[in-house]
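1. can't give you the sequence, but here's the structure:
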């Protein structure tokens, strides 16, 4: 099965290299594949043994593309994309604002023929999913124009899902869903017979009602919808919305939130909280439910995630280091979070694991609780996977095995029974409150490379870390420059 999917990925990807000469980027290519694959599979479902009525009008379907050549094909394809973009449900999300990026009709015809050679609906769902995930992975790896910022490393996602342990019948949300990694990993976990034996009702709930996602970027949302569709998730109504999650309280509440919000400190819009702090920009979010007013996107996502959790709901969120130590609004948010939620675990991630360069990140795990006077957080357990760890995207990528010790220390079967190790320490609520600005940026291991030159990592790892540190510094300077420019 893996060989079958790898072969198809390679064939499709080889053709992308031909199109690159025409200026079609990896991202554009995967997007065009998305449109054409959807039309091809919809066509296959109208034939035996499925014999389903087509959800796509006859003059806009796959067969209509096969009948045309040359300029007539290019004109018709543009017409198909434009027309389907006005539809509702999954169709509307996949084709929303769709444009033809393959201007050479002969090359467009060749791509259509390439897709037509396969019987896609006949492929196992796992194979179809693997094929698409393979293409998304390659797109993320593209340094020049890929969508790496929307692609969270799959081993990290898998580990986060394994310790959160979603259960059948629970609702799961990712308010910054990217290409859908967290939703798919949760689906894999819930549908794995080793974890659960689902009855018919549970399978129906899993397919149609478990997942909800949102992304602000049209192109990324369409990749996510297609990814879910290929994995057998969702129906005619899309589980994914296009839009800005931060703009308002959606009034939906979920048992689980798993998310990696976009990196980059500054939000282009100032958030205004219940105290009515004035902003300097024309567009304002009115969020009475936020603890603090800030233009820091990650702090806003953290506040938003707390809002959309049900009482006793569980969250795992990727946050950059500044969320752990920044003063002002950051300190306010941390104090409120520690008081109103049980913030029980922090995973300090190594550098070199994200496609967005220059990011030092962590995973914060917490449960929302009902209101009470006594703070809910008693102890925060911190696992340090950063000190003396060296990863790069190409030569030494993060693997699932690298997270096994963290999963074991987390003890998902009973997280109240944990033991300290060299890399896993706990800190009391009082200890954290006494720290400057209630900083959760806590580390205790000695960096061996600072003490012993023989323990230095290889030159390529050192170079990669220098690049990441420089890019991180540049981003911080850009943030300072922007804030000065707004005064």
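-> Happy to help now that I have it. Owing to the predicted nature of the structure, the values given are computational and were not obtained by experimental measurement.

2. pLDDT weak spots in the stretch 201-350 of the chain?
-> Residues of the stretch 201-350 of the chain that meet the criterion pLDDT under 70 lie in 264-286.

3. the stretch 1-150 of the chain too?
-> In the stretch 1-150 of the chain (pLDDT under 70), the answer is 1-6, 125-126, 142-150.

4. can you rerun that using 50?
-> Within the stretch 1-150 of the chain, the set of residues satisfying pLDDT under 50 comprises 1.

5. now do the helices in it.
-> Assigned by DSSP state H, counting those that start in this stretch, the helices in the stretch 1-150 of the chain fall at 2-20, 26-44, 62-66, 70-84, 89-95, 105-116, 125-141.

6. those helices into CSV, with extra columns for distance to residue 341?
-> Where C-beta positions appear, they are placed from N, C-alpha and C, glycine not excepted. Listed next are the helices of the stretch 1-150 of the chain as CSV, based on distance: least, CB to CB, whole Å:
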stretch, distance to residue 341
helix 2-20, 40
helix 26-44, 37
helix 62-66, 49
helix 70-84, 43
helix 89-95, 32
helix 105-116, 47
helix 125-141, 31
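
7. partner residues bridging the closest residue to residue 326 other than its chain neighbours?
-> Excluding the flanking residues, the one nearest residue 326 by CB to CB, 6 or more residues apart in numbering is residue 296, at 7.0 Å. Beta-bridge pairing for residue 296 (DSSP bridges): residue 266.

8. and residue 296, how far from residue 320?
-> 10 Å (CB to CB, to the nearest Å).

9. identify the residues contacting the closest residue to residue 122 other than its chain neighbours.
-> Nearest residue to residue 122 in three dimensions, chain neighbours excluded: residue 44, at 7.6 Å (CB to CB, 6+ apart). Going by CB atoms under 8 Å, 6 or more residues apart in numbering, residue 44 touches 50, 119-122.

10. then residue 77?
-> Neighbour list for residue 77: 65, 100, 108 [criterion: CB under 8 Å, 6+ apart].

11. with residue 228 instead?
-> By CB under 8 Å, 6+ apart, the contact set of residue 228 is 180, 183-184, 211, 234, 239-240.

12. ok, 6 Å please
-> Applying CB atoms under 6 Å, 6 or more residues apart in numbering, one finds that residue 228 lies in contact with 180, 234.

13. now residue 170
-> Contacts of residue 170 (CB under 6 Å, 6+ apart): 255-256.

14. how is it assigned, secondary-structure-wise?
-> Residue 170 falls in the coil class when you classify it by DSSP: H, G, I helix; E, B strand; the rest coil.

15. so which of the contacts of residue 44 comes closest to residue 333?
-> For the contacts of residue 44, the minimum distance to residue 333 (CB to CB) is 45.8 Å, reached by residue 120.

16. how many neighbours does the closest residue to the closest one other than its chain neighbours have?
-> Leaving aside its sequence neighbours, residue 120 sits nearest to residue 41 (CB to CB, 6+ apart; 4.9 Å). Other residues near residue 41 come to 19 when the count uses other CB atoms under 10 Å.

17. can you check the one 4 residues further on too?
-> Close neighbours of residue 45, defined as other CB under 10 Å, add up to 15.

18. could you shift the numbering so residue one becomes 420, and keep it that way?
-> In the new numbering, first residue 420, that becomes residue 464.

19. show me what contacts it?
-> Taking CB under 6 Å, 6+ apart, one finds 471, 540 in contact with residue 464.

20. from the chain's centroid, how far away is stretch 797-809?
-> Its chain's C-alpha centre and that of stretch 797-809 lie 22 Å apart, by CA atoms, centre = their mean, to the nearest Å.

21. let me redo that: stretch 598-610
-> Distance, stretch centre to chain centre, for stretch 598-610: 11 Å (CA atoms, centre = their mean).

22. next: stretch 629-646.
-> With CA atoms, centre = their mean as the basis, stretch 629-646 stands 9 Å off its chain's centre.
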